[in-house]
Each structure stands twice: as C-alpha cells, then as structure tokens.
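>>> Could you look at this predicted model? Sequence included:
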Amino acid sequence: MTLRDPVDKNMLRMESRRFAARCEAQISSIERADNLREIARLSASLYLPTVLSADDPARDAVRLLQTRAGDRARELILEQIQAYVRAEDSHREKLKRAMLDAWTNLTGPLGYLRSWAQGRLLAAEQRAE
C-alpha cells in the first residue's frame, strides 16, 4: 500500500491511534484482572492488524500490552507462591495442585512464564524445607 495519498496517510494514522487506544483499554483490564486465566485471555485477544504492521506506535502499543500482561501475571504468581509458603503443611499439596492448574492457562504470549513460575516454586520449596 503506497502512502502517497494524504487521505491514506491520515486514515492509517487514525487507525493507528484507534488501535493504540484499544491496547490501552486492554491494559487497564489486565491491571484489574485477578486470575491468570483472565490475564492470558486479555493478552491474547488483541492482534496487530496487517495494515499496521509497519507502524511503530501500533507495534509499541502491542509490546506494552504484552509487557504489562507479563508483569501482572508475575505479580499474581508471586502472590500464589507466598501463600503456598505461608500455608500449613497439610494444606500445601492442595495449593500446589491449584497453582499448577492455574499455570496451565499461561499460553501464547505468556507461555514463557510457566517455566519461570515452576522455577520460583521449586526455589520456594527448597527454602521452606
């Protein structure tokens, strides 16, 4: 698509701003999310349109969305692990199963967090012993 026409340039710029606004709205929803399933759903539900693939502000908006989703997921994982460490021994196995089940929702752009979370859990288990 050649952008020699000023109307096309303006349309592309308007679409870019609209997409960035949608990303900001998703980020607000991610910050309010209280479970990993919701964060994974929100982070994977918005894709960069092909028309905007060369547009830097649109790519930056997607990158910011994925970064914020990863940060929020890390916060929730660390809260889960802290609850696991503070729990009584009889209750830990149940919490561990619930955490591992919740971590299966970490797919798509958040898939790398699954191994990170398991490493953190392993370290917490070793410290607790």
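Nice, I can see it.

>>> name the helices or strands packed onto the lengthiest helix in the chain?
With residue count as the measure and DSSP state H as the assignment, the chain has helix 56-86 as its longest helix. In terms of contacts (3 or more C-beta pairs under 8 Å, 6 or more residues apart in numbering; DSSP states H and E), helix 56-86 is packed against helix 6-32, helix 36-44, helix 89-103, helix 112-128. (Each C-beta comes from the backbone N, C-alpha and C, glycine too.)

>>> Export those as JSON lines, with columns for mean pLDDT and distance to residue 77.
Listed next are the helices and strands packed on helix 56-86 as JSON lines, based on pLDDT from 0 to 100; distance: least, C-beta to C-beta, whole Å:
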{"stretch": "helix 6-32", "mean pLDDT": "92", "distance to residue 77": "14"}
{"stretch": "helix 36-44", "mean pLDDT": "92", "distance to residue 77": "7"}
{"stretch": "helix 89-103", "mean pLDDT": "93", "distance to residue 77": "7"}
{"stretch": "helix 112-128", "mean pLDDT": "93", "distance to residue 77": "5"}
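
>>> sorry, back to before: may I see the buried residues of the longest helix of the chain?
58, 61-62, 65-66, 68-70, 72-73, 76-77, 80-81, 84 (16 or more other C-beta atoms under 10 Å).

>>> ok, residue 91 - how many residues close by?
When counting by other C-beta atoms under 10 Å, one arrives at 12 neighbours for residue 91.

>>> Against residue 124, how distant is it?
Separation of residue 91 from residue 124 (C-beta to C-beta, to the nearest Å): 15 Å.

>>> what do you get for residue 118?
Distance, residue 118 to residue 124, using C-beta to C-beta: 11 Å.

>>> cool, and residue 31?
According to C-beta to C-beta, residue 31 stands 25 Å off from residue 124.

>>> ok, residue 15 - how many residues close by?
When neighbours are counted by other C-beta under 10 Å, residue 15 registers 15.

>>> for residue 27, same thing?
Residues near residue 27, counting by other C-beta under 10 Å, number 21.

>>> which ones are touching the closest residue in space to it that isn't next to it in sequence?
Counting by C-beta to C-beta, 6 or more residues apart in numbering, residue 27 lies nearest to residue 68, which is 5.0 Å off, once chain neighbours are set aside. When the contact criterion is C-beta atoms under 8 Å, 6 or more residues apart in numbering, the partners of residue 68 are 27, 30, 31.
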